[in-house]
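In: return atomic coordinates for the entry below.
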Amino acid sequence: METTDIVRKLFDGVVPERASEIESIANDYDAQFRLIADREGFNLDAGGFSAIQYTSRSMRQMWLFGYAGRQALHCYSSLIVLFKSFGTTLDINEINKIPDQAAEDEAFKSILDAVKDLSTAFHEDDFEWPVAIPDPEKGRPSDSERAAVYDLTCMATAYVFLHELKHVIFSAEGNAPEDPKDEEYLCDQFAKDMMISKIDQYAASSGYPPEKVRMKRMMGIALASAFILFATGRNRLAGSETHPPIYGRWSATVQDVNLPEDDWFWLYFSSFALALLKYHSITIQPKIVKDYKSLCFDLIADLENGI
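Out: You can find the predicted model right below:
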């Protein structure tokens, strides 16, 4: 298996209970993870000859985007908690009237703008790194909030690599679905299963509560799902001949998640979805927040109806 050390370490850190299995699968299908020369855009995909290619610039884009997730929590999580506690209606027009809300939304937008600037820079080194966001090359930050962003970004990145690995498997076996959109769904499912289906085994060996491991890994998958929306672009959110609509991918990702309805995962995904829908000027219908899970599904419905 010709893989960079960074990808091997990524799987070891994110899914240690499956790292050797992933290594074996990659060997069986001659899958290679290749760091390629810098180029514009986001580049992490399965190319020819069983190669999964990626750029340093793309990894840094995902790192920046992880901080958009943190800012989405700052923008909306406390409000969502209040709406649920008091049984009041979540109305985005009323939220917009809250003092300092515009500043929080602008901070979210500024991170997304930075991701875009990095994506379109002539060269990766031409990009001026935001002062408020730590450089990923410095490793895992010491403070708990930024350390959590680091962990979630690693999980999101592992999810994307696993998605592409399934494309390699389909290509090698020659059994990809006729409809490429179905292939995308199956690659999402493969990546998700690899990350959560043996959590109990990991929890038993590590001593971590399985529900906490599941919550955190699903938050990482939510981060990857949010990044897919952002990278897709506003005019292609409804899907194409080769890719399903984003709301369909989000729905498939969350439909069978075995976590309580008020788990942090649902609050994280709901906050992120709310921030992204507002960023893309997608209509957010007023709604009662019964619990964080139902809010997440309601926001996915807003995405479906608003594009």
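In: may I see the buried residues of stretch 260-278?
Out: Across stretch 260-278, burial judged by 16 or more other Cβ atoms under 10 Å covers 263-278. (Each C-beta comes from the backbone N, C-alpha and C, glycine too.)
In: among the residues you listed, which are located in helices?
Out: Judged by DSSP state H, helices contain the following of the buried residues of stretch 260-278: 264-278.
In: any idea which helix or strand comes after whichever helix or strand residue 108 is part of?
Out: When secondary structure is defined by DSSP states H and E, residue 108 falls within helix 101-120. Downstream of helix 101-120, the first helix or strand assigned by DSSP H and E is helix 144-173.
In: and that following helix, what other elements does it pack with?
Out: In terms of contacts (3 or more Cβ pairs under 8 Å, 6 or more residues apart in numbering; DSSP states H and E), helix 144-173 is packed against helix 5-14, helix 19-28, strand 44-46, strand 51-54, helix 56-86, helix 180-196, helix 210-232.
In: mean pLDDT added to those, as a markdown table?
Out: Output for the helices and strands packed on helix 144-173, formatted as a markdown table (pLDDT from 0 to 100):
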| stretch | mean pLDDT |
| --- | --- |
| helix 5-14 | 91 |
| helix 19-28 | 95 |
| strand 44-46 | 95 |
| strand 51-54 | 95 |
| helix 56-86 | 98 |
| helix 180-196 | 98 |
| helix 210-232 | 98 |
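In: nearest to residue 255, of these?
Out: Ranking the helices and strands packed on helix 144-173 by proximity to residue 255 (Cβ to Cβ) places helix 180-196 first, at 10.7 Å.
In: determine the angle, from 0 to 180 degrees, between the helix or strand that the closest one is followed by and helix 210-232.
Out: For helix 180-196, the succeeding helix or strand toward the C-terminus, using DSSP H and E, is helix 199-206. Interaxial angle of helix 199-206 relative to helix 210-232 (axes from the mean of the first three to the mean of the last three Cα atoms, to 10 degrees): 120 degrees.
In: which residues are in contact with helix 199-206?
Out: Residues from elsewhere that reach helix 199-206, judged by Cβ atoms under 8 Å, 6 or more residues apart in numbering: 15-17, 208-210, 213-214, 217.
In: which of the residues you listed sit farthest apart?
Out: Longest span within the contacts of helix 199-206, Cβ to Cβ: 15 and 209, 17.2 Å.
In: out of the two, which sits in the busier spot?
Out: Taking other Cβ atoms under 10 Å, residue 15 and residue 209 do not tie; residue 15 has more neighbours (22 against 10).
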